[in-house]
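> Got a sequence here, can you build the structure:
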Amino acid sequence: FGGYSGYVRPLQFERAAQMLAFVPAALRRAAAGLLGALASGERIRRASDLLVTRSHPYFLSRQLFNPQQINRLLVGDWRRDAGLEGDWGSRHEQLTYQTAATDPINRASALELQTYMLSTLLRDTDQMSMAHALEVRVPLIDHRLVEALLAIPGRYKLDAETPKPLLTKALNGALPPAIVHRPKQGFTFPFELWLREIMHERLRAVLESGEGLSPLFDAAGVRTLWGQFLTGRVSWSRVWAIFMLNHWLGLQQVLWQGSAG
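Just a heads-up that it's a prediction; the model follows:
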């Protein structure tokens, strides 16, 4: 139904990419390299990515790290293996090709259905509900409803005055305006606060001091990322992802050593 604010960014990126398509590739690469070297925040970094991405701009709105950041965070052959030139990049290109004929709004929906919804939203719902013995149903993604809605032109799905206009109008006034127009009230864990306060020392020991840091990571690159988080230049999700991946790698090493023993 196009109700998430997350649709706005991919649409902005796509419009920008269309304008940049007329700029020669060599000039775009040079500009991207300059912006990447000077990047002091997420907006500039996204602009650099937009100049050279081969995939649909939607994927820029969901990625945690771009290839340049990955190169700074990893060491040796891991840099090459973690890039987007392999299966993941091919999957992006395939999805971009499959959705090329539709309009930008429906394209964002189709890409969201096949990536973020599957890898994050439904996975999290399944894991959390199973952990607490709950049965969860998601009727608004019944395949018949999804197929019907994807056939409707995107221009009917966004309205400056009414959120989710198709869903709202289908209820024929049953919902009062106070419900229709109120801000979203989703629950978000206070990771930003936790990482800066109660978990600060634990993360600092790993990400700044390098205690127990996997040899997969470049210590200087990780330290730089931690400093960027402390100064507000990157979001908490970046440092949390590195910290948790490092923790998982440590657990696998312990399990491997135990089984080998």
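
> Now do the strands in this protein.
For the chain, no strands are identified by DSSP state E.

> residue closest to the middle of the protein?
Arg62 (2.2 Å; C-alpha atoms, centre = their mean).

> separation between it and Pro10?
9 Å (C-beta to C-beta, to the nearest Å). For glycine as for every other residue, the C-beta is placed from the backbone atoms N, C-alpha and C.

> isn't the residue nearest to the centre of the chain right up against Leu118?
No - using C-beta atoms under 8 Å, Arg62 is not in contact with Leu118, being 11.9 Å away.

> Counting neighbours, what do you get for the residue lying closest to Trp78 once chain neighbours are set aside?
Among residues not flanking Trp78 along the chain, Leu216 sits closest, at 5.6 Å (C-beta to C-beta, 6 or more residues apart in numbering). Leu216 has 14 neighbours, counted by other C-beta atoms under 10 Å.

> Please list all residues in contact with Leu216.
Taking C-beta atoms under 8 Å, 6 or more residues apart in numbering, we find Leu216 in contact with 74-75, 78, 246, 249.

> Adding neighbour count, distance to Ala26 and pLDDT, write these out as TSV.
What follows is those, written out as TSV (neighbours: other C-beta atoms under 10 Å; distance: C-beta to C-beta, whole Å; pLDDT from 0 to 100):
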residue	neighbour count	distance to Ala26	pLDDT
Leu74	21	28	91
Val75	14	30	89
Trp78	17	29	73
Asn246	17	38	95
Leu249	16	39	92
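
> Between those, which sits nearest Pro67?
Leu74 (10.6 Å; C-beta to C-beta).

> ok, the closest one touching Phe217?
Yes - applying C-beta under 8 Å as the test, Leu74 and Phe217 come out as touching, 6.4 Å apart.
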